[in-house]
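A.B. asks: sequence first, predicted coordinates after that:
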Amino acid sequence: MPNPNYQKVLLLMPPYWDPLIPPQGIATIKRMLEKNNFNVKTIDLNIDSQVKKCYEDYFDCIRIMIPESNWGNLYNIGHDVLQNHMLAFVNITDYDEYIALVEEIVYHTFFIYPSREELINLDEIIKNFFSYLKKYIDSIVKDFNPGVFGCTVNKTQFPAALYMFKTVKEINSSILTCMGGGIFSDSMVVGSPNYENMLKYTESFIDKIVLGRGEILLLKILNGEFENSKRVFSKADLSESDVQKYKADIPDLSDFDLNYYLYVAATASFSCPFQCSFCTASKYFGEYIKRDINIVVDDISRIKSTYGKQIFFMTDALLNPVVDDLSRELIRQKLYVYMDSYLRVDPGVNQQNTISWRKGGLYRVRLGVESGSQRVLNIMGKSITIEQTRNTLKNLAIAGIKTTTYWVIGHPEETEEDFQLTLDLISECKNYIYQAECNPFNYSYYGQVSSDKWASMQTLLYPEHGKKMLSMLQTWVLNCEPTRDKTFDRIFRFTQHCKKIGLPNPYSLNEIYKADKRWQGLHRNAVPALYDIISNSVNHEEDRENVKLVQFVQTENENIVEFNF
């Protein structure tokens, strides 16, 4: 039987997570629950001004204490520092051990030991953050008076979520607390030590753990369809009739101010059909499934008309299997939108196709290029060649589609020679690359395709005195080449190399604007600047009509000559 005390539901997206799109998970749950007569309030704390200020202050402090040569991909590797610092703060028992651990956390990412004064300054920002967070949660819970409190959680959000759950139970122990999110696909995979430690540690203040399909599982929990004693729920608890009965609808974004987000989101497929060694998608999400293109386009049309947004982030692991049909249908319906999506290097990314995709609205692609070494690509199981990478980048650039490239640095067995091949490929293809972002190889205890293969080489990164404070998000590294210090040295050199050759990795709106201008200077078919799209100053029909097939000729002085066809 439904519990009448559970009629009011408060769902939050904790910090810190880059607010590119509104929180899809809690917005989808809101749609489902409100269709079934629940009162749901959704909040994204990542757009809160004070929360953002703490974030900016933290990274400003890092910039001061770390030399620029060691920043690397600051807003990526810096999140690991922030996340571990926050988790240590939540679990602090002894201050001296805590500060010593924060010192190690900073060192093992930036390979610089900060002074104690610098550590105290950094820690003061974390104290201010949690002080504000406590007041915020206290205020919103007392104001809304929910019977249910839930958070969608990814790795970098877990410390704040943990603190929020504790705070909610201190305010009112009868509130049902529920946690779900992407964290269970990587750093807290079911069966891993992190997962088991989390279950034990949070038993008194997190009542329900939801693994996937939260919109259906939470509805069934609140309707009293499971035993009260049951704590962990997954797709295995759903029947086929449940899935058919509770059809997904577009997310309800009505609680969010969409001016804070660059994009809205849509989805054309689930999971991934490939098995790259370092990836978790196929193991966590299971069988690859394509949605009916007519339904996808209908979703896009409804979201556009409801919320007035032109640019979409496609949440698919990769768009290759559906991009032809999706572009064709968008063109047929004259539905003028722009799409940002993950794409795979593939022979199908040819000039004819990329021009068609561009006309269909493909705006930016995120390519897991990973390495410039064929040997490393083979070790990864990428099933692509360097020549395919070159052609993919060139053909997308010819169509004017922005190419964000992701590179994994420090994969097991990567040598210095392999790394130099990566730098060489970046230099060679720089005019076909909109953005280059590197990430250190990260080992996951469970969940990666090759986790079992690497298990015999795993060791904990942080010292024993930090184990208790970080027990739910422990970091394992592999005792093999390249070592962590070599990997991060390559990260630092990668970013310095890109800066030297003028290849951006934009983060702020101002940096994106400059990167867009660079791209438009390189390619006649270049997509409109992001600023022009979000300010509604683009003639979308004219933009498509002006796209022409061109051929690039590279001259000795690296100037590009274009020929129209």
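C.D. replies: It's in. Everything numeric in this text was worked out from a predicted model, so none of it was measured.
A.B. asks: only C-alpha atoms for contact and neighbour calcs from this point on.
C.D. replies: Noted.
A.B. asks: next secondary structure element downstream of the longest helix along the chain?
C.D. replies: In the chain, taking DSSP state H as the definition, the longest helix is helix 116-144. Toward the C-terminus, helix 116-144 is succeeded by strand 148-152 as the next helix or strand (DSSP states H and E).
A.B. asks: can you give me the angle the helix or strand following that following strand makes with helix 116-144?
C.D. replies: Later in the chain than strand 148-152, the nearest helix or strand by DSSP H and E is helix 158-171. Going by axes from the mean of the first three to the mean of the last three CA atoms, to 10 degrees, helix 158-171 is angled at 50 degrees with respect to helix 116-144.
A.B. asks: and helix 158-171, average pLDDT?
C.D. replies: For helix 158-171, the mean per-residue pLDDT is 98.
A.B. asks: quick check: neighbours of whichever helix or strand comes after that helix in the sheet, parallel or antiparallel?
C.D. replies: Using DSSP H and E, the helix or strand that follows helix 158-171 in sequence is strand 176-180. With DSSP bridges as the test, strand 176-180 is paired with strand 148-152 (parallel), strand 208-211 (parallel).
A.B. asks: of all these, which lies closest to Lys135?
C.D. replies: strand 148-152 (16.1 Å; CA to CA).
A.B. asks: list of residues touching that closest one?
C.D. replies: Strand 148-152 has contacts (CA atoms under 8 Å, 6 or more residues apart in numbering) with 6-14, 25-26, 161, 168, 175-182.
A.B. asks: swap in stretch 395-405?
C.D. replies: 349-351, 354-355, 358, 362-370, 393, 432-437, 519, 523-527, 547-552.
A.B. asks: could you export that stretch as CSV, CA atoms only?
C.D. replies: What follows is stretch 395-405, C-alpha atoms only, in CSV (Å, rounded to 0.1, in the frame of the first residue of the first chain):
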residue,chain,number,x,y,z
ASN,A,395,35.8,14.5,-42.9
LEU,A,396,34.0,16.0,-39.9
ALA,A,397,36.0,19.2,-40.2
ILE,A,398,35.1,19.5,-43.9
ALA,A,399,31.5,19.5,-42.9
GLY,A,400,32.3,22.2,-40.3
ILE,A,401,31.3,19.9,-37.3
LYS,A,402,33.2,20.7,-34.2
THR,A,403,35.5,17.9,-33.2
THR,A,404,36.3,17.4,-29.5
THR,A,405,39.0,14.7,-29.1
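A.B. asks: quick one: that stretch to chain centroid distance?
C.D. replies: Averaging C-alpha positions (CA atoms, centre = their mean, to the nearest Å) puts stretch 395-405 21 Å from its chain's average.
A.B. asks: tell me which helix or strand comes right after the helix or strand where Glu387 lies.
C.D. replies: Taking DSSP H and E as the definition, one finds Glu387 inside helix 386-398. For helix 386-398, the following helix or strand on the C-terminal side (DSSP H and E) is strand 402-409.
A.B. asks: which elements pack onto the helix or strand hosting Glu428?
C.D. replies: Here Glu428, judged by DSSP H and E, is contained in helix 416-429. The helices and strands touching helix 416-429, judged by 3 or more CA pairs under 8 Å, 6 or more residues apart in numbering; DSSP states H and E, are helix 386-398, helix 484-500.
A.B. asks: what comes up buried for stretch 43-53?
C.D. replies: By neighbour count with 16 or more other CA atoms under 10 Å, stretch 43-53 contains the buried residues Ile43, Asp44, Leu45, Asn46, Ile47, Val51, Lys52.
A.B. asks: got a pLDDT number for the fourth one?
C.D. replies: Here, the pLDDT recorded for Asn46 equals 97.
A.B. asks: what's the nearest residue to it if we skip its chain neighbours?
C.D. replies: What sits nearest to Asn46 in space, not counting adjacent residues and going by CA to CA, 6 or more residues apart in numbering, is Pro15, at 5.1 Å.
A.B. asks: just the last one next, same as before
C.D. replies: The shortest distance from Lys52 to any non-neighbouring residue, by CA to CA, 6+ apart, is to Asn46 (6.7 Å).
A.B. asks: may I have the distance across stretch 403-418, first residue to last?
C.D. replies: Using CA to CA, to the nearest Å, the end-to-end distance of stretch 403-418 comes out at 22 Å.
A.B. asks: quick one: mean pLDDT over it.
C.D. replies: In the prediction, stretch 403-418 has an average pLDDT of 98.
A.B. asks: what's the answer for stretch 524-531, then?
C.D. replies: 97.
A.B. asks: chain center to it, what's the gap?
C.D. replies: Chain-centre distance of stretch 524-531: 24 Å, with CA atoms, centre = their mean.
A.B. asks: contacts for that stretch?
C.D. replies: 363, 397-402, 512-513, 516-517, 519-520, 538, 543, 546-548.
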